[in-house]
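Student: Got a predicted structure here, sequence first:
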Amino acid sequence: MIFTVVGNYPKIPNAPRPAKLRQAITRFQGGELTQAELARVEGEVTEEVIREQEAVGLDLLTDGHIRWEDPATYFARGIDGFEISGLIRYFDTNVYYRQPVVTRALGWKGPITVKDLQFAKRVTNKPIKAVITGPFTLARMSRNTHYSTLEALVMDLAKILRQEALALQAAGAAWIQFDEPWLVRAKQDFPIVQRAYTVLTEGLTTKQTLLCTYFGDVQGLPPAFFKLPVGGFGLDFVTTTGNFDLLKRQAWPKDKWLAGGIVDARNTRMQNFEELERAFGQLTAVLPAQQLHISPHCGLEFLPREVAYAKLEQMVKSLRQGVPVL
Amino acid sequence: MTTPLLPTTTVGSFPKPEYLLTARTQYARGQITRDQLKRLEQQATTEWIRTQEELGIDILVDGEMYRGDMATYFAENLEGTKISGLVRSYGNRYYRKPVVVGPLRRPRAITVEWFEFVQRQTKKPVKGMLTGPYTMMDWSFDENYPNRRACAIAFAEVIRQEAEDLQRAGAQYIQIDEPAVSVRPEEMDLAIETMGLVTKNLRAKTITHICYGDFEQIYPKLLQIPVDQIDLELANSNFDLLELFKRSPFTKEIGLGVVDVHSHRVESEEFVIAGIRRALKVLKPEQIYVDPDCGLKTRTPQEAIDKLRVIVNATRKVRQELEVAHV
Ligand SMILES: [Zn+2]
């Protein structure tokens, strides 16, 4: 069993700890810091959040996505043919992101996140999970003014992000995760996702790949979803109870991992030991613990840093050692 | 004082003057007292009343000089809440989100003193300004109630108390903002239910402001929100929203947003006149109140004033046309 996070980690702590990154970005925007000086602070903060993940006892870490302004912009800036436009709301959250606009045929410019993976690997001996905003979600988060169909856009993104995945595999990513929260919102588009993932994963030899969904359940997707060419699926067990129902109804595919998001990453309320045990028990009832990742149900940036830390600590202590925390 | 046809108003917040921003920072650092800060908040409020009167706006607001975030301000004044650590909203912007930690209770009136402070200084009607129960729930962490509905209903009760106190203090217009309702169309019924709890005993004209969303998803269901007037942003979509009203008529009064609050550029009078005329094709003149798309707090004071002047002048011209046509 692997304890991990879905992706991002809160960028700044609260007083008395200094909000280093926030101050650095303010100074960078005011012309008081160079790009290189800002990058140095981003590195320091990345190391800080890696240490926090180590301290709570996670088995698989991310770099916390400290350098990402949001899941769309960070990739769109690295792909030829995107422009970045105004703020729009990120799903049903209080968070906004800058919407990428597809202005011409998209093209691969080179690795986007490989240097981040390399940085993280220098800082820790723990395995690192690389996260890519999946082609379908990146397409749906963007405004398309070039391609005649959504599918054409998704397929081009799949080709581009395949290069990113191959580069991450070559650079030694322990796991590669494709985030597809848009899939739970637009299940009717599954056939597009299915075709895209054939292209996206072509040539990937690692079996340690995940397609990660959150902000809802995957009920109503066709059975072919669980046959997609990835090593496992990330499912959200917090937003709705739908994924629990699904586990009861159908056998989990023998050769796939399940990444279960069972800790609520959108509310400060701490779940008690019994709640977590119960959720955990419903997962281990249908598949062996060796096929499980356990994590919060989405990225941790919706929470203040200290609450995020407390939730991870509670997750690992309660479920690994059976020590009731709270 | 009677209100003219096509009354002009604003959505609520105005930019804080430089001296008040400085004072708020000083107060946060413990360098000035609560009383010193309050005197400056009153000074800035009075300045905005004078400005609104000089511009000729028909229905005034207090400008929210004493508020930070629209959800956090109310949460800070309720029992059963605390304020969280910082969470990021976008880019390098962070805010403190309210946390509901116990049963919600309103120990005392929150905005009535400010309402009275402003109403004393003008003969024009002043709007009472509140944040709605659905938005308060959606923009808070909830560690106390069993589900979102229970939390929103609890917020509705304390907001109802505040709204009724405003009415008792003489408010003829009470605006209860619900910017969050456009985000989850599937929860529209909850927003309708909880607004009903707030407005059920009110005789004052009730208004709700809604923004940042995909209106096609919630229109015409939006019209079921139990208020007299719905205030919408139209300028930032070039008034295209009006097309929806051709398919399904807008049955309430509308607060017609005619200038974009996110752009520095001041709109031309022609742009605003064209927008109002376009609205008059699908709405009766008696249905329309004219205002900016949203609160003006993110603009500079000068930009805000310039945009308001365009609104007042453009509205006057359209009003004259209507009156001439009537004679
Ligand atoms: Zn607004």
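Tutor: Thanks, I have the structure now.
Student: Strands of chain A, start to end?
Tutor: Listed in chain order, the strands of chain A (DSSP state E) span A:2-3, A:79-89, A:96-108, A:129-133, A:143-144, A:175-179, A:209-212, A:232-236, A:257-263, A:292-296.
Student: nearest to chain B, of the ones you listed?
Tutor: strand A:96-108 (3.9 Å; CB to the nearest CB). For the C-beta atoms, the positions are set from N, CA and C on the backbone; glycine is no exception.
Student: Please identify the helix or strand for the residue of the stretch 1-150 of chain B found nearest chain A.
Tutor: Going by CB to the nearest CB, chain A is nearest to B:G85 of the stretch 1-150 of chain B, at 2.9 Å. Per DSSP states H and E, B:G85 falls inside strand B:79-90.
Student: Of all the residues in that strand, which ones are buried?
Tutor: By neighbour count with 16 or more other CB atoms under 10 Å in any protein chain shown, strand B:79-90 contains the buried residues B:80-81, B:84-90.
Student: Could I get the full set of strands for the stretch 1-150 of chain B?
Tutor: B:79-90, B:93-105, B:127-131, B:141-142 (DSSP state E, counting those that start in this stretch).
Student: Which one of the strands of chain A lies nearest to A:V316?
Tutor: Set against A:V316 and scored by CB to CB, the strands of chain A come closest in strand A:2-3, at 5.1 Å.
Student: which non-adjacent residue is nearest whatever residue of the stretch 151-300 of chain A ends up closest to the ion?
Tutor: Nearest residue of the stretch 151-300 of chain A to the ion: A:R266, at 22.9 Å (CB to the ion). With CB to CB, 6 or more residues apart in numbering or on different chains as the criterion, A:R266 has its nearest non-adjacent residue at 4.9 Å, and that residue is A:F302.
Student: That neighbour reaches A:T93, doesn't it?
Tutor: Yes. In terms of CB atoms under 8 Å, A:F302 counts as a neighbour of A:T93; the distance is 6.6 Å.
Student: Next, show the common contact partners of those two.
Tutor: Common neighbours of A:F302 and A:T93, counting by CB atoms under 8 Å, 6 or more residues apart in numbering or on different chains, are A:R266.
Student: which of these two has more neighbours?
Tutor: More neighbours surround A:F302 than the other of A:F302 and A:T93, with 24 against 16 (other CB atoms under 10 Å in any protein chain shown).
Student: Flag the shaky bits of the chain, pLDDT-wise.
Tutor: Using chain A. Per-residue confidence for chain A (pLDDT under 70) gives these ranges: A:323-326.
Student: my bad, the chain I had in mind was chain B
Tutor: Residues of chain B meeting the criterion pLDDT under 70: B:1, B:327.
Student: Next to the ion, which bits of it? Give me the list.
Tutor: B:211, B:294 (CB under 5 Å from the ion).
Student: So which residues of chain B form helices?
Tutor: Ranges of helices in chain B, per DSSP state H, are B:18-28, B:34-55, B:72-76, B:112-119, B:133-138, B:148-168, B:188-199, B:215-218, B:242-247, B:269-282, B:301-326.
Student: can you put those helices in a markdown table and add mean neighbour count?
Tutor: Shown next, in a markdown table, are the helices of chain B (neighbours: other CB atoms under 10 Å in any protein chain shown):
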| stretch | mean neighbour count |
| --- | --- |
| helix B:18-28 | 14 |
| helix B:34-55 | 16 |
| helix B:72-76 | 20 |
| helix B:112-119 | 19 |
| helix B:133-138 | 28 |
| helix B:148-168 | 21 |
| helix B:188-199 | 21 |
| helix B:215-218 | 16 |
| helix B:242-247 | 14 |
| helix B:269-282 | 18 |
| helix B:301-326 | 17 |
